[in-house]
Structures are given as C-alpha cells and as structure tokens.
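Engineer: Sequence and predicted structure below; questions after.
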Amino acid sequence: MSNVSNDYAMQLTNVAVAFSGKTAVRDVTFNVAKNKVTSLIGPSGSGKTTLLRALNRLHDLSAGAVVSGQILLEGTDVYGGAISVTELRTRIGMVFQKPNPFPAMSIYDNVVAGLRFNGIKKKSILDETLERSLRQAAIWDSVESRLHVSAGNLSGGEQQRLCIARALALEPDVLLMDEPTSALDPIATLHIEELMSSLKERVTIIIVTHNMQQAARISDDCAFLLMGDDSAGELIEFGPTQKIFNDPNDKRTIDYIAGRFG
Amino acid sequence: MMNTMQHDANGTTSTRDYIRQRADQLRARRLAVSKVMIILCGAALVLTAIPLVVLIEQLIVRGVSQISWGFFTQLPQSPTLSAPNAVGGVSNAVVGTLALALYASIMAIPVGVLTGVYLAESDSKFAEAMRIVAQTMAGAPSILMGLFAFSVFVKYMHLGFTALAGAFALAVLMLPVVTISTEIAVRNVPSTLREAGLALGVKPHKVSLRIVIPSALSGIVTGSLLAIARAVGETAPVLLVIGGGYINEWRPLNPVSALPLSIFMGAKSVWPAQRAQVWGIALVLVAFVFILSLTARLWAGRSAKGRK
Amino acid sequence: MSMRTPNLTNLSGRSAENSSAGRSRGWYHWLLVAFGAVFAFVSFAFVASIAIYSAPAWAHPGQILGGSGWQSPTGPYGGLPMIVGTLETSLIAIFLACIVGLGTSIAIIFMIPKRLRTIVATLVELLAAIPSIIYGLWGFLVLAPYMFNHVDPILNKLPFAGTIFGPPGQQFGASLLLATFVLAIMILPTFIAISREVLAAVPNDLLEASYSLGATRWQVIKDVVLPTSKIGLVGAAFLALARATGETVAVALVAGGVARVQFHLLYPGTSIAAWIATQFGEAQGNEISALMALGLLLMILNFGLSLISRSLVTRQRKQLAKV
C-alpha cells in the first residue's frame, strides 16, 4: 500500500466501534480508492452499517459510542481537531436505507437543503446545483415540471434518487450509501445501480449491501466483514471485487461467496 | 441555459470551490447561533422550573408551621379582635373532602370503567362518537360541572346545597378521565391474549372478564386513582353546590365543606391568621394529591415490571 | 390522552359457531353498550341542563353577548366584560406559554440526556397535577404583592405604558396581567406534554439525514423538526388555550373581579369562569340564568378549541405515518 495519502479517498487503520463498552466492529484496515465503488459486504450483524456510520461521524449523535483507530479523509484525520464535524459532512455525504426526503419541503427545497444548511443562499447557485444534482441522479426529466410539489408525492425509487441528488448537491468527495436499494423494487434498484458508474466519476462511493450479486455488479473493491465469536464484526478480507468473488484468500470468504452463510 | 458542473483536468470546479469557501466563511457563525439558541431553550426549561420550585418552597415554608394534630382534628373558629390567632383547625374540610371523594368514586368509577371497556372492545360509530365526547368532556372547564350539578340537584330536585351535588359534579369530572384511561389500559393488553382465549373455546364475555380485564387492572386502578387525585383538588365544581359549613359533616344530603373551598375562602379573609393557615391547608391538599398520583404511577410501574 | 394502540378484534362478528356463545355474546355486548349509553346520556344532560336553565337569558342575546355592564341583582346582565377578559387573558397567556413551552420541549428532547428525560418529564407532570387553587393562592398572596411592588413600577415606565397598562394611579395589584401570568404558568405543562410528544415523533432518520448534510443542531431543529411537526404544535397550542379559557379559581383570585370591559392590562377585570364562580353564591332567578348563559358560551368556546386541537393532532399523526 502506498504511503502517499492523497492517492486514496479514505484510509482506515485498525478502526473499531463500541457502544457502551460492547464492541460492535473491530480490526478494520483498508484503503478506499478515489473515484471507485467500494462495497462492504457480509451477513447481518457483521458491523457493515456501524462501520459506515463511523466514517461521517454519525456516531457522535449516540451517547456511549466510541470510535477508535484512525480514519483519514484525503490525509486528514476525521476525528482529529483539524476538521469540524459540519465541514466533514460537506465532504462526505450519506444516503440511507429507507428514502428519507424532508416531508415538509418541496423537491426543490429538499435538493438544496444541504446548501442552505451551510449558509449558501444565492439563487443562481441553488438553481444551478439543483439541476446538476437532479441530472446526476437521473431524475431531472421526471421532476423538472413539478419542482415545488412536496417530496412525498414521489415513488420510492424516485424518493431515493432525490435523496441521492440531495447528497450530491454539496459536491462531496465521498458518498456513503447504506443499503440504498434494499427498500426498493427491482426496477428502481436497477435504475440506481445504473447510476453508480456515472456517479463514481465525480465522487468516491462506499456502499453497504447485503446483496452479493449487487456488490459483484457494481463495485470495484470489496470489503468482507463477518461477526466473530465475540459478536463483534471484523474485516475478514479486502481486495478487488474480481479477486474476492473468484479467488479469495480466506476460507470464510469462500464460504460466504459460495452461499454457505447467506 | 444552465451550466452543468465545470470540470477541467486539474480537478478544480468553480461551484464546488464556491460552496466550500462560502461554507467555511459562514461556519463559525452558524455554530455560534446554534449554541446560543440551544442555551436559550435551556433557559426556557429553567424558566418553566422556577414557578414549580418557588411554589413548592412557599408551600413548605409557609405551610409546615400551620400543621399540627389540632389542625386536622379541630373545627374552624372565627378569630376575634381579642383572639386574632384563634383559627382552629380544618377537620370539617378534611371530613368533607373524604366524603366527596368517596361518593364521587362510587358514582364515577364503575360507570367509567365499564364504558372504557366498551370503547376498547367496540369499533362502532357510536363508540367512536363516545370517544370524541369523552376527550372533549375531559377538557371541559370544571365550573361547568358545578353548573350542571346545580341545575340537577339544587334547582330541579330542590335539594339545596348537598354533598351529593358536589360529589355528582366531581363524578361528572372524573367520568371521562376514568373512561379514557380504562380504554387505553384495556387496549394495551396484547391482542394475542384475547385470541388465545377465544381459540381455546372460551366464550367472548368470559375472555373479557376473566382474561383481558384482569390483565388491564393495574392500568385501570392507576387511571382511577389519578382521577380521584384530580377531583379532590378541584374548587370550581364544589364551590357552587356544597354549601360549606363549619362542622364535621359527611352525610350526603347535607351541606359539607371541602379543602379547596376552605382555601378559597380563607385566602380572602381579613384575618392574617386565617390567610396564614390557608398555606397549611394548601400543603395538605398538594401532599394528598401528590401521594395519590405517585401511588398510582408506582402501581403502574410495578405491575408493568411484574408482567415482564 | 391519545389512543395509539391498534384496535382489538371487534367483539361482535367473531366466533358464531357456538349458538350459546352467540347468546352470551349478546347480553355482555348489550350490557357494555348500555353503559356507553349512560355515558352518552350524562354528557348530553350536561349540555342540555345548562342550555335549558340559561334559556331566559337568551331572550336578549344582544345583552348577554354585547352588554358592557353587569348589574347585580336586577340586571341588565352584560357579558361583554367577561368575554373580553377571557379572550385577553387566554390569548396572551397562550402566546407566552407557547414560547417558553416550546423552548422547554426542545431543551428536554435535544439537550437533556436520555436517562434524565423521564425525571424531567415527571417533574413537568407534577406541575400539571398541582390543583388550580394553589396557583391562585400563590398568585394572590405572593405574586400579586411582588408584582405590585417590584414589577409594575418598571412596566409603567415602558413606552406606551399608558395605553397598554393604564395610568398607574388606579392600579392596585389585582389585574388582568397578573391573571395572564398565572394562567401562562398553569397551561405550560399541558403545552409541554403534547409538544414534547409531537417533537419526539419526528422520525430519527430525518434528523440523521440533516446532520449528514452538515446542519448544526439548531438548524436541524429549526429547519426540519419544527416544520415537520408544525401541525401538531398548533394542536398543542389549541388544547392549552382551551384549558386557559376554563381556569376558574386562579383567575377569580387574582384578576380583581370587576365587570368592566378592560383593555388596560394592569387594571382589574374578570373572565367568564371567574365571574360565574364569584357571582353564583348570591345570585337569584334571572341572574342565575344569565350566569348559565355565560357558562354555555364558555362551553361552546372550550369544546370548539378542544375539537380543533384534536383534529390537528390527528392530522399530524397521519402525516407522519405517511413518511
């Protein structure tokens, strides 16, 4: 592994997360390549989502959560003092499992919410960002004519793409996606998977998925996590997706891929 | 025509830089505003707590000195110029309050509980209408219950001022509260319990009486105790119809006194000793209400734990 | 006071296999319905009796609604001072209570750590359990002299004091403003209890999404939580307002009990409930009807506010269920 930190979007070293003393995930070390899709796979309970949420410091909101180890964003320690939490979250965006547009806001307000939170009010910037983000999320044509209706009127798949547009509006370096298609129907899932290849040209994507086939389809690199005997998740193996799926090093990876864990 | 994101080979993009620069400039101010507003909300919390603290403190400081054995056992006296501190006790009010609580409970609790059971087990339009009626009545001004009792007992039945009238007013006050809390308690019983009983062939009414309602009993008792606690403290309903009095009276067809009434009259007294005594009565009333409420909540909490 | 649990199976319409079960289902079911009917009857009689006994006063509706003086015992009985007093004190009280109450609810949910939250919630409930007479007593014997000696002089020096508070010469302690403050304190717990529930019902993932976009805590509250729960908060306000209109003895003790239409806040006035409470003792005949008529007005006002509140809170719950 190279020591030049700017080659990688993020670098994780011995990362562990514990809640009120009980470890949920530990021994995670890997590097996330820029402009690539890195997937976190593994059965439920292996700590994938917990790990993902440590990256944008979402655990700061949970009393009793302790994140140890080192997480670097383009060389800067995410948990160090050099970067504030609010600034960090403009550089790392997040899309959640269940689409969660703000119900009291229109489509327009939803997409530019991130800009407004950060104090940006200039209409030309908002409008430009709006169209760009909605196009990137492949939903511009569908909502262009109804930007000021409530976001609740959209279908599930459209809502999720709206949330993707909302996250992209701040032009983050990294986009975290927590099982973004598990609540959607197959067609909506397909639409979002198709987005990935165009999205990764602009952002680095880290995606948690419990769907192996999806990981095989869309990701460049793959991290496989598994719950250990102490009910804490740990990183079993990390590498290019091709390798993980066709020629993994660890027996446990082989078993999972072959479907013995499911 | 909108520009899509400008992206050249060096990776600099004008909108992204603009966004980040602006955000950096404004960040400190946003965080400061957040801190200030949260602190203001904390101040609001303190502001809410202040009256409670001050009130309790005054009650204790001014009220404790009034409490004595005689306070509970003696009848009130009228102070005179030569004996301005001869105020006596409030046994008449204590007796009256207990009597009112008893009669009101007898009138309100059985009807309220059974109505609550009805509402919990029925989805008819009538039941839905009754639910709305119960909630609306529960928020009705208590003085109206006094007017109601006055129309029925004093005017219509020509009974004059009686404990029964006061108890009736309090019962009308308690009825919707008991109904609502009973309905909630019965609905909170897991439906699996009822289904299991029915599946075993037990008749529906027995399922209700032997299985579901006993399960909800702690919630029902809690609700009833809280209703009594509320009724005991109410002045307006009894003010109009119980008549007051200075003897230990409890019989239903006679005028009685009550603790809130004694407070109301004593507060406006010209005698300082009577105004001071009122704090003792207030302390007793608040203590009574608190003890009843706490008992009710502890009961609910203990039973919930026992069920687990 | 909200039914949030799912409906149990309807008693009628299930197991009809056993005919004896059908018969016993019959008597039990009808017994319960009978009690429902008793409840309905009592509620109906409640409204009807007050309406009936107020009938004589409605022969001159303009008097009871618009008359500006109340001559006891002969009449005429004008209800305008009471109506105006009720509206003034309740509306200003709800305004104050909403500001302080909303800040308190926000503090409880967003500042207090979870484990302490039940303690704080219990303390707020204790505030609600204190009987109104106690507030009235404290207002009359403690707050009134304090305000008269320390606060009123300051208020009287503010700009426009003459218009809002009235010339100081005729102030003597008991006033509409005092009643307003006492009312505000009394309805705080009601507002806090409901608004707390409404705020807490905003789904957590909306908060997480906001934080993930770089929002500060206050921005999450102001731009996401409050707009999302707007409807329920208004419902909470209506319910607290309903409670304020019905408060009797506290207002009776501190408002001064003067039947004059009063817009100067540091002058004495009265409210509908307080007036009924203080006048009823010595009232006869037509005056009783007039007081009953005031009671009917209060009932309509209170029920209207309650029902509006109920429909708003229901609408809020439905809206969140769609999310």
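Structural biologist: Everything's here; your move. Numbering: from 1, shown residues only, chains lettered A, B, ... in the order given.

Engineer: Against which helices or strands is the helix ranked longest in chain C packed?
Structural biologist: Assignment by DSSP state H gives helix C:285-322 as the longest helix of chain C. With contacts taken as 3 or more C-beta pairs under 8 Å, 6 or more residues apart in numbering or on different chains; DSSP states H and E, helix C:285-322 sits against helix B:125-138, helix B:142-149, helix C:19-53, helix C:61-66, helix C:80-110, helix C:176-200, helix C:230-246, helix C:272-279. In short, each C-beta sits where N, CA and C put it, glycine included.

Engineer: measure stretch C:62-76 end to end?
Structural biologist: Across stretch C:62-76, the terminal residues are separated by 11 Å (C-alpha to C-alpha, to the nearest Å).

Engineer: Can you pull up the most central residue in the chain?
Structural biologist: Since you didn't name a chain, this refers to chain A. Centroid-nearest residue in chain A: A:Leu176, 1.5 Å away (criterion: C-alpha atoms, centre = their mean).

Engineer: oops, chain B please
Structural biologist: Note: chain B centre (C-alpha atoms, centre = their mean) maps to B:Arg230, 4.4 Å.

Engineer: Going by neighbour count, which residues of the longest helix of chain C are buried?
Structural biologist: Residues C:286-299, C:301-303, C:305-310, C:312-313, C:316-317, C:319-320 are the ones in helix C:285-322 that count as buried (16 or more other C-beta atoms under 10 Å in any protein chain shown).

Engineer: With adjacent residues omitted, what lies nearest to the closest residue to chain B within chain A?
Structural biologist: For chain A, the residue closest to chain B is A:Gly119, as judged by C-beta to the nearest C-beta, at 3.4 Å. Of all residues not flanking A:Gly119 in the chain, B:Leu26 sits nearest, at 3.4 Å (C-beta to C-beta, 6 or more residues apart in numbering or on different chains).

Engineer: For the stretch 1-150 of chain A, give me the ranges with low pLDDT.
Structural biologist: The stretch 1-150 of chain A contains residues with pLDDT under 70 at A:1-6.

Engineer: what about the strands in it?
Structural biologist: Listed in chain order, the strands found in the stretch 1-150 of chain A under DSSP state E, counting those that start in this stretch are A:8-19, A:22-33, A:37-41, A:65-73, A:76-77, A:92-95.

Engineer: Could I get the CA-only coordinates of the third one as CSV?
Structural biologist: Read it as strand A:37-41. Only the C-alpha atoms of strand A:37-41 are listed here, as CSV (Å, rounded to 0.1, in the frame of the first residue of the first chain):
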residue,chain,number,x,y,z
VAL,A,37,-17.0,2.0,-5.8
THR,A,38,-16.0,0.2,-2.6
SER,A,39,-18.6,-2.2,-1.2
LEU,A,40,-18.9,-3.5,2.3
ILE,A,41,-20.5,-7.0,2.2
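
Engineer: tilt between that strand and strand A:8-19?
Structural biologist: 20 degrees (axes from the mean of the first three to the mean of the last three C-alpha atoms, to 10 degrees).

Engineer: Given strand A:37-41, what are its sheet partners and their directions?
Structural biologist: Sheet pairing of strand A:37-41 (DSSP bridges) gives strand A:204-208 (parallel), strand A:221-227 (parallel).

Engineer: Other residues contacting the first one?
Structural biologist: Outside strand A:204-208, the residues within contact range by C-beta atoms under 8 Å, 6 or more residues apart in numbering or on different chains are A:9-10, A:32-40, A:48-49, A:52, A:55, A:173-180, A:196, A:199, A:215, A:218-219.

Engineer: Inside helices: which ones of those residues?
Structural biologist: The helices, defined by DSSP H, take in A:48-49, A:52, A:55, A:196, A:199, A:215, A:218 from the contacts of strand A:204-208.
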